[in-house]
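> Need a 3D model of the following:
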Amino acid sequence: MSKLIKWLVLAVVAVALLIKLSLWWSVRNIMEEAANSLQPFAEITYRGVTSSFDGRVGLEGLQVRVPMARDSVTIEHAQLKFNGLGELLRFKERLEQGKFPEQMAIDLKGIALEVHGPFMQTLYDAPAERSVFTAMSEVSCGKIKHIGTVELLDMGYRTLETDAEFSYRLEPGAQKLTFNLLADTRDMLETRLSMALINVSDNPGDLRMNPPRVSSMTFEMNDNQYLRKVQAFCAGKLGQSEAEYQQTALAKFDAVLRSQRVGLDQPVLDAYARYLKDPQSLRLEINPTEGMAWDGLQFFEAKDVLQMVNPVLLINQESVQPLSFAWVDPGQIREMGALEKVVAEESQSSRENSSQYDFVPVEHLAQYAGKRLQFLTYDGTYYQGILHKVENGRAYLTVQFGAGSAEMFLRLDKIDKVRVNF
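Numbering: from 1, shown residues only. You can find the predicted model right below:
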């Protein structure tokens, strides 16, 4: 009996060693194939291979050097994480079938980039096209409009070290994909992005014909001295005190948004002013209504956009209420001194504009041919367009999508509400 137990133990140890060796050999072959295919564009080296029986496999001391760019990126430890050893062993098989693994995480520890290097210059020195998403990155800093590598060096940054993790989980039965992205750059910023998609196929080829829909999204920033350093740097450039520069930064933020036709209401600006004074965390959650189309939101009333997007904003762990904005003329920029009060004329104009709209019965829709209407269907979808005619139980209209337009019809029995501009 003791000999049998002894041989069973030896068999288990032998199987474990074979699995370990197989994982090591597979990763080594994959890296050699990748290194050979990338030559002469990049040189890949690594110190060793790691693996575990809980579904992890990775590389230590990974370095990717690009001779043409005369720069390199180093990663202290890069690993793939699966939900157990079985998922790891089936990973290659699912890829050969053209399917996503149901669960996977990519964990990168110690990503190091030299601030003065070409990679960082590519990332930071070319400013992004102005949009509502660049409002927080644009600065009032003398001749400097955005923070680049030269400014980072002046603020004391030499090497940016980041820990990052990307993970996702696919639920084929529910056709749901959930993914999370975390990036923590030392002495700078921690960012988190979580997103849930529905109507997702596990076959990548199906995504182009039937794209998924965003069910929810959360974006969070946790400042780690970066914003304070930017404020101190730019305040010195302008010869302002810390409090004075915070008002300057708030005016810049408001001006950039207004150049994109977005005018935040005063409570939201006041909340952002508190964030500039004490930058801790900023968290935005959105839960779009079913059937909402992202393209063309600018053609809806501001309050309807908020109803469709369902945003929740938390600044320094405090909810911002009320959360509201208005569409404004891009040339209508507030003066810095007016940021602490609500412009009465603008408020009056908003009230007048809102009073020009009213709901009309669906059965009377034919009377409004040639007018711009807003439709809300029973499934929660919004449409806005010019009505051409009502015929055979259908409303025919032209809707705008971005810079283009399209002809479509809506069945009258699917329309819940109609609002017309008188």
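
> Tell me the spacing between residue 289 and residue 394.
23 Å (Cβ to Cβ, to the nearest Å). Glycine gets a C-beta too; all of them are placed from N, C-alpha and C.

> now residue 248
With Cβ to Cβ as the criterion, residue 248 and residue 394 are 55 Å apart.

> what does residue 41 give?
Taken as Cβ to Cβ, the span from residue 41 to residue 394 is 56 Å.

> Ok, residue 231 next?
Per Cβ to Cβ, residue 231 is found 57 Å from residue 394.

> Just want to know which of these two has more residues nearby.
Relative neighbour count places residue 231 above the other of residue 231 and residue 394, with 21 against 15, counting by other Cβ atoms under 10 Å.

> Now do the SS call for that one.
Secondary structure state of residue 231, per DSSP: H, G, I helix; E, B strand; the rest coil, is helix.

> quick one, what contacts it?
Neighbour list for residue 231: 242, 245, 246, 249, 276 [criterion: Cβ atoms under 8 Å, 6 or more residues apart in numbering].

> from the chain's centre, how far out does stretch 277-286 sit?
Stretch 277-286 sits 15 Å away from the centroid of its parent chain (Cα atoms, centre = their mean, to the nearest Å).

> how long is it from one end to the other?
25 Å (Cα to Cα, to the nearest Å).

> Can you give me the domain assignment for the chain?
115-349, 356-421 (automatic domain parsing).

> Is it possible to get CSV of the ones you listed that adds mean pLDDT and distance to residue 91?
Output for those, formatted as CSV (pLDDT from 0 to 100; distance: least, Cβ to Cβ, whole Å):
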stretch, mean pLDDT, distance to residue 91
domain 115-349, 85, 13
domain 356-421, 78, 39
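
> Now render these as JSON lines, adding distance to residue 77.
As requested, the domains of the chain are exported to JSON lines (distance: least, Cβ to Cβ, whole Å):
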{"stretch": "domain 115-349", "distance to residue 77": "10"}
{"stretch": "domain 356-421", "distance to residue 77": "43"}
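
> is it true that residue 119 touches residue 68?
No. With contact defined as Cβ atoms under 8 Å, residue 119 and residue 68 do not form a contacting pair (11.9 Å).

> Neighbour count for these two, which is higher?
residue 119 (18 against 9).

> A strand includes that one, no?
No. Going by three-state DSSP, the assignment for residue 119 is helix, not a strand.

> residues contacting it?
So residue 119 contacts 69, 71, 73, 113 (Cβ under 8 Å, 6+ apart).

> repeat for residue 309
So residue 309 contacts 286, 287, 288, 292, 297 (Cβ under 8 Å, 6+ apart).

> What is the subsequent helix or strand relative to the strand or helix carrying residue 373?
Here residue 373 is covered by strand 372-377, with elements defined by DSSP states H and E. Of the helices and strands lying after strand 372-377 in sequence (DSSP H and E), the nearest is strand 382-391.

> Note down every partner strand of that next one and its orientation.
Note on strand 382-391: by DSSP bridges, its sheet partners are strand 372-377 (antiparallel), strand 394-401 (antiparallel).

> quick one: which of those strands is nearest residue 325?
Closest approach to residue 325 among those (Cβ to Cβ): strand 372-377, 17.9 Å.

> Buried residues in that closest one, which are they?
Buried positions in strand 372-377, judged by neighbour count with 16 or more other Cβ atoms under 10 Å: 372, 373, 374, 375, 376.

> outside of that strand, which residues touch it?
Against strand 372-377 from outside (Cβ under 8 Å, 6+ apart): 291, 300-301, 304, 357, 365, 382-387, 395, 397, 410, 414-421.

> Let me know the distance separating residue 84 from residue 231.
47 Å.

> I misspoke; the intended subject was residue 123.
Relative to residue 231, and taking Cβ to Cβ, residue 123 is found at 22 Å.

> What's the local residue count around the spatially closest residue to residue 233 that is not a sequence neighbour?
The shortest distance from residue 233 to any non-neighbouring residue, by Cβ to Cβ, 6 or more residues apart in numbering, is to residue 155 (5.3 Å). For residue 155, the neighbour count with other Cβ under 10 Å is 16.

> Who are the contact partners of residue 155?
Under the criterion of Cβ under 8 Å, 6+ apart, the neighbours of residue 155 are 229, 230, 233.

> now swap in residue 156 and tell me
Contacts of residue 156 (Cβ under 8 Å, 6+ apart): residue 229.

> Okay, it and residue 146: tell me how far apart.
18 Å.

> for residue 131, same thing?
Computed as Cβ to Cβ, the residue 131 to residue 146 distance reads 13 Å.

> Between the two, which has more neighbouring residues?
With neighbours defined as other Cβ under 10 Å, residue 131 and residue 146 compare such that residue 146 has more, 15 against 12.

> doesn't residue 137 make contact with the more buried one?
Yes. With contact defined as Cβ under 8 Å, residue 146 reaches residue 137; the gap is 6.0 Å.

> Go through stretch 41-57 and flag the buried ones.
42, 44, 46, 49, 51, 55, 56, 57.

> In terms of helices and strands, where is residue 245?
Residue 245 belongs to helix 242-259, assigned by DSSP H and E.

> how about that helix as PDB, C-alpha atoms only?
Output in PDB follows, covering the C-alpha atoms of helix 242-259 (Å, rounded to 0.1, in the frame of the first residue of the first chain):
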ATOM      1  CA  GLU A 242      -2.200  79.400  -6.400                       C
ATOM      2  CA  ALA A 243      -5.700  80.700  -5.900                       C
ATOM      3  CA  GLU A 244      -5.500  83.000  -8.800                       C
ATOM      4  CA  TYR A 245      -4.300  80.300 -11.100                       C
ATOM      5  CA  GLN A 246      -7.100  78.000 -10.100                       C
ATOM      6  CA  GLN A 247      -9.600  80.600 -11.300                       C
ATOM      7  CA  THR A 248      -7.500  80.900 -14.600                       C
ATOM      8  CA  ALA A 249      -7.600  77.100 -15.000                       C
ATOM      9  CA  LEU A 250     -11.400  77.100 -14.400                       C
ATOM     10  CA  ALA A 251     -11.900  79.800 -17.000                       C
ATOM     11  CA  LYS A 252      -9.800  77.800 -19.500                       C
ATOM     12  CA  PHE A 253     -11.800  74.600 -18.800                       C
ATOM     13  CA  ASP A 254     -15.100  76.500 -19.400                       C
ATOM     14  CA  ALA A 255     -13.800  78.200 -22.500                       C
ATOM     15  CA  VAL A 256     -12.700  74.900 -24.200                       C
ATOM     16  CA  LEU A 257     -16.000  73.300 -23.500                       C
ATOM     17  CA  ARG A 258     -17.900  76.300 -24.800                       C
ATOM     18  CA  SER A 259     -15.800  76.200 -28.000                       C
END
